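Enquirer: Predicted structure and sequence below. I'll ask about it afterward.
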Amino acid sequence: MKYVIVYDVPAETHSKIYALLKRKMFWVQNSVFENELSEAEFKSLWQNLSKLDIEGLKIRCYMSPTMQTYTLGYESDPTSPIL
């Protein structure tokens with residue numbers, strides 16, 4: 001299944017997330033990675049991400065074909081306007 005992971009972290013912790021994701025995924029743009037992963041590979045990666053103790057961390061994963069999402073960290077207000 002194809003996974004797309006996007007993240008938002010404080011600048012000083014960016015390298016931790018980048019290094020972890022780069023092991024299994026392809027960097028496609030700032031704070032965005034994607035790749036085809038097995039369910040076991042995704043679970044392992046997500047477990048490693050969930051162990052990170054970074055204040056202000058937000059990670060979202062999109063899976064196709066369902067595009068079901070998993071989020072770590074705070075949820076943005078979906079009713080707030082995007083400028």
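Expert: Good, I have the coordinates. Numbering: from 1, shown residues only.
Enquirer: Low-confidence stretches in this protein?
Expert: Residues of the chain that meet the criterion pLDDT under 70 lie in 66-69, 74-83.
Enquirer: longest helix in it, by residue count?
Expert: Among the segments of the chain that qualify as a helix by DSSP state H, the longest is helix 39-50.
Enquirer: so what secondary structure elements neighbour that helix?
Expert: Applying 3 or more CB pairs under 8 Å, 6 or more residues apart in numbering; DSSP states H and E, one finds that helix 39-50 contacts helix 14-22, strand 58-64, strand 69-73. Every C-beta, even on glycine, is put in place using the N, C-alpha and C of the backbone.
Enquirer: Let me see the residues that make contact with that helix.
Expert: For helix 39-50, contacts defined as CB atoms under 8 Å, 6 or more residues apart in numbering pick out 1, 3, 17, 20-21, 23-25, 37, 59, 61, 63, 70, 72.
Enquirer: now these as TSV including distance to V9 and neighbour count?
Expert: Shown next, in TSV, are those (distance: CB to CB, whole Å; neighbours: other CB atoms under 10 Å):
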residue	distance to V9	neighbour count
M1	25	13
Y3	18	20
I17	6	20
L20	11	16
L21	11	22
R23	17	8
K24	18	16
M25	16	20
L37	21	19
I59	8	21
C61	15	19
M63	21	17
Y70	16	15
L72	10	15
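Enquirer: ok, which pair from those is furthest apart?
Expert: M1 and I17 (21.2 Å; CB to CB).
Enquirer: Could you pull up the residues touching the residue lying closest to L37 once chain neighbours are set aside?
Expert: Sequence neighbours aside, Y3 is the residue nearest to L37 in space, at 5.4 Å (criterion: CB to CB, 6 or more residues apart in numbering). Y3 sits next to M25, E34, N35, E36, L37, F42, C61, Y62, M63 when contact means CB under 8 Å, 6+ apart.
Enquirer: which SS state does the second one fall under?
Expert: Same thing as E34. Of the three states, E34 takes strand under DSSP: H, G, I helix; E, B strand; the rest coil.
Enquirer: neighbours around it, how many?
Expert: A count of neighbours around E34, defined by other CB atoms under 10 Å, yields 18.
Enquirer: what is it paired to in the beta sheet?
Expert: Beta-bridge partners recorded for E34 (DSSP bridges): V4, F26.
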